[in-house]
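A.B. asks: Quick one, structure for this:
(2 chains)
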Amino acid sequence: MLDLRFVRENIEEVKEQIKQRGVALDLDAFVRLDFERRDLLQEAEGLKFQRNTVSEKIARLKKDKKDASSEIAAMREVAQKIKELDGKLNERENALNRILMYLPNMPHPSVPIGSNEEDNTEIKRWGEIPRFHFNPMAHWDIGEKLGILDFERASKITGARFTLLKGWGAKLERALINFMLDLHTHEHNYKEVLPPFIVNRQSMIATGQLPKFEEDLFKLEGLDYYLIPTAEVPVTNIHQNEILKSTELPIYYTAYTPCFRSEAGSYGKDTRGLIRQHQFNKVELVKFVVPETSYDELEGLLVDAEEVLRRLGLPYRVVSLCTGDIGFSAAKTYDIEVWLPGQNRFVEISSCSNFEDFQARRGNIRYKPEGKSKTRFVHTLNGSGLAIGRTLIAILENYQQEDGTVTVPEVLKSYLRGIEKIEGWI
RNA sequence: GGAGAGAUGGCCGAGUUGGUUUAAGGCGCUCGCCUGCUAAGCGAGUGUGGGGAUAAAACUUCACCGAGGGUUCGAAUCCCUCUCUCUCCGCCA
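C.D. replies: Below you'll find the model as predicted:
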């Protein structure tokens, strides 16, 4: 959420920015409501002051056993008027709040201007794109031949866009989770947490999934609970409604969770394989930092995520998302895209964002700067470190051999009982 | 699922026959004094958010005692709904 005062004082800039993002919102209504709100507020507060003053007088009169009936009668009318004004005020505040809730974050000046993913700018590339002297297979063929991926049985159990991992496939998934958590906790200084996978509405509002993106979520029948679409939601909300000490900052968390997405509106996209699933595993990185350092922290977060791919020997590139492609809550986002030989393209495997104080304001996450009495909102950041399913795909496709087996990357061997390659499901 | 108790400022904790408590006191924190240093001691200050005013402040006002409604001239205090925590019982991995 943007600051009400910021929007008021920078209305033209806000209009311009939401136009660049392609958002249609009536900000003239915002200006009108804002004025009306302040007028009503002043009128109501004047009457409340009067009521407070006279109430004290009534108390004194009663104590002295004197008559206060004329004061009480007068205040009865004032109370009625206050009620009316408060009602009107409430309407204006709700309307303003609704607009604020649907206003996306302001992009950082370094974010490239553009309307869709084609306008994203490539920042860097790492690794050699592997050449094969045979025709590389897609992961669904590799996985099914080895017997480690079973899409048919998963659809029997649940439906489309779910996968059953078996044998070394299941073990590889588990190995990746452990490898990533170990790397981030032991070498990158993140603290590991294992949060709830179901959250309430308020948590979804704080991180920005609600109220605008309800259709992307799985909601529990009859409850105001949702399955998490990313660990960002429960982990960022760890400090909801807290005032952190500045000596505690920065705070780094890493968490493994499954992620649940309804993938509404993506029918027909990536229907084969496990690129786009309703349920997938992810190791997430989340930071709480002071505003002054948040953009340096974003660069650090990106490097921490990249390191996973480097150790696995998987080629990738990094792109900076343009104004039209950046997420609702983010001020700046880098995507890491891994090379998939079977698809002959780069596919997103991590998304690293700085939300500045957008989420912190919604979740009321603050800190007290050293030696100052005023509290400030922290800046929050997060990034995938990495999406597990897509990493597994990348390993299958990049490490595949002509005979259909898959070589195990060096760093994973100790997590897979020392095996050199996957030759079958058991 | 059943029964009971509770939720007050960064933390602890008084206040519930409605009206100088428009939240006592303590801890913590900040500043000052004192003092070889540290500690202790003494003194002062110290919540959050929204308005108004100002060049900025000083200043001024409203709201906030888990959340939301209600009663009343007036609610931390009375009533209703909800959430969470604790204790006991039942069930369960």
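
A.B. asks: Tell me how far A:L85 lies from A:E43.
C.D. replies: Separation of A:L85 from A:E43 (C-beta to C-beta, to the nearest Å): 6 Å. Any C-beta I mention is one placed from the backbone N, CA and C, and that applies to glycine too.

A.B. asks: no wait, A:L4
C.D. replies: Here A:L4 is placed at a distance of 19 Å from A:E43 (C-beta to C-beta).

A.B. asks: before we move on, what about A:L386?
C.D. replies: 56 Å.

A.B. asks: out of the two, which sits in the busier spot?
C.D. replies: Each of A:L386 and A:E43 has its neighbours counted (other C-beta atoms under 10 Å); A:L386 has more, 27 against 15.

A.B. asks: Assign a three-state SS to the more buried one, would you?
C.D. replies: strand (DSSP: H, G, I helix; E, B strand; the rest coil).

A.B. asks: Residue numbers of chain A in contact with RNA strand B?
C.D. replies: Residues of chain A that fall close to RNA strand B, judged by C-beta under 7 Å from any atom of the strand: A:4-5, A:38, A:41-42, A:45-46, A:48-49, A:51-56, A:58-59, A:62-63, A:72, A:75-76, A:78-79, A:90, A:243, A:366, A:371, A:373-375.

A.B. asks: If we use 6 Å, what do you get?
C.D. replies: Applying C-beta under 6 Å from any atom of the strand, one finds that chain A approaches RNA strand B through A:4-5, A:38, A:41-42, A:45, A:48-49, A:51-52, A:55, A:58-59, A:62, A:72, A:75-76, A:79, A:243, A:371, A:373-375.

A.B. asks: where does chain A dip in pLDDT?
C.D. replies: For chain A, the stretches with pLDDT under 70 are A:371-373.

A.B. asks: Chain A: helices as residue ranges?
C.D. replies: A:4-9, A:11-21, A:27-63, A:69-102, A:139-146, A:151-157, A:168-186, A:201-207, A:232-236, A:294-312, A:358-363, A:388-398 (DSSP state H).

A.B. asks: Tell me the spatial nearest neighbour of the closest residue to RNA strand B within the stretch 101-250 of chain A, not counting adjacent residues.
C.D. replies: The nearest approach of the stretch 101-250 of chain A to RNA strand B comes at A:I243, 4.8 Å away (C-beta to the nearest atom of the strand). Residue nearest to A:I243 in three dimensions, not counting chain neighbours: A:R366, with 5.0 Å by C-beta to C-beta, 6 or more residues apart in numbering.

A.B. asks: quick one: contacts for the closest residue to A:G265 other than its chain neighbours?
C.D. replies: Spatial nearest neighbour of A:G265, excluding adjacent residues (C-beta to C-beta, 6+ apart): A:E215 at 7.8 Å. Counting by C-beta atoms under 8 Å, 6 or more residues apart in numbering, A:E215 makes contact with A:S262, A:A264, A:G265.

A.B. asks: Now list the buried members of these.
C.D. replies: Among the contacts of A:E215, those classed as buried by 16 or more other C-beta atoms under 10 Å are A:S262.

A.B. asks: Could I get the contacts of A:E215 in CSV, plus columns for distance to A:A330?
C.D. replies: Below are the contacts of A:E215 laid out as CSV (distance: C-beta to C-beta, whole Å):
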residue, distance to A:A330
A:S262, 21
A:A264, 20
A:G265, 20
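
A.B. asks: Of the contacts of A:E215, which is the nearest to RNA strand B?
C.D. replies: Checking those against RNA strand B by C-beta to the nearest atom of the strand gives A:S262 as the nearest, at 24.3 Å.

A.B. asks: The closest one against A:K219, yeah?
C.D. replies: No - if you go by C-beta atoms under 8 Å, A:S262 and A:K219 don't touch, sitting 9.3 Å apart.

A.B. asks: Please report phi then psi for A:F213.
C.D. replies: Here the main-chain torsion angles of A:F213 (degrees, to the nearest 10) amount to phi -120, psi 40.

A.B. asks: residues in contact with it?
C.D. replies: Taking C-beta under 8 Å, 6+ apart, we find A:F213 in contact with A:F328.

A.B. asks: List the buried residues in stretch A:320-334.
C.D. replies: Judged by neighbour count (16+ other C-beta under 10 Å), stretch A:320-334 contains these buried residues: A:320-326, A:328-334.

A.B. asks: Could you do stretch A:148-159 as well?
C.D. replies: Using 16+ other C-beta under 10 Å as the test for burial, stretch A:148-159 gives A:I148, A:L149, A:D150, A:F151, A:A154.

A.B. asks: buried sites along stretch A:340-353?
C.D. replies: Neighbour counts over stretch A:340-353 (16+ other C-beta under 10 Å) mark A:L340, A:P341, A:G342, A:Q343, A:F346, A:V347, A:I349, A:S350, A:S351, A:C352, A:S353 as buried.

A.B. asks: May I have it exported as CSV, CA atoms only?
C.D. replies: Taking C-alpha atoms only, stretch A:340-353 is exported to CSV below (Å, rounded to 0.1, in the frame of the first residue of the first chain):
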residue,chain,number,x,y,z
LEU,A,340,16.2,-25.7,-20.6
PRO,A,341,17.7,-27.6,-23.5
GLY,A,342,14.6,-29.7,-24.0
GLN,A,343,12.5,-26.6,-24.5
ASN,A,344,15.3,-24.6,-26.2
ARG,A,345,14.5,-21.6,-24.0
PHE,A,346,15.2,-19.8,-20.8
VAL,A,347,12.5,-20.4,-18.1
GLU,A,348,12.0,-18.4,-14.9
ILE,A,349,13.3,-20.2,-11.8
SER,A,350,13.6,-17.3,-9.4
SER,A,351,12.1,-13.9,-8.9
CYS,A,352,13.9,-11.5,-6.5
SER,A,353,12.1,-8.3,-5.5
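
A.B. asks: what's the spacing between it and its chain's center?
C.D. replies: Remark: stretch A:340-353 is offset 19 Å from the chain centroid, using C-alpha atoms, centre = their mean, to the nearest Å.

A.B. asks: Then stretch A:280-299?
C.D. replies: For stretch A:280-299, the gap between its own C-alpha mean and the chain's C-alpha mean amounts to 11 Å (C-alpha atoms, centre = their mean).

A.B. asks: Run through the residues that contact A:R362.
C.D. replies: Going by C-beta under 8 Å, 6+ apart, the list of residues near A:R362 reads A:M1, A:I205, A:A206, A:T207, A:G208.

A.B. asks: pretty sure the fourth one contacts A:F328?
C.D. replies: No - taking contact to mean C-beta under 8 Å, the distance of 10.1 Å between A:T207 and A:F328 leaves them out of contact.
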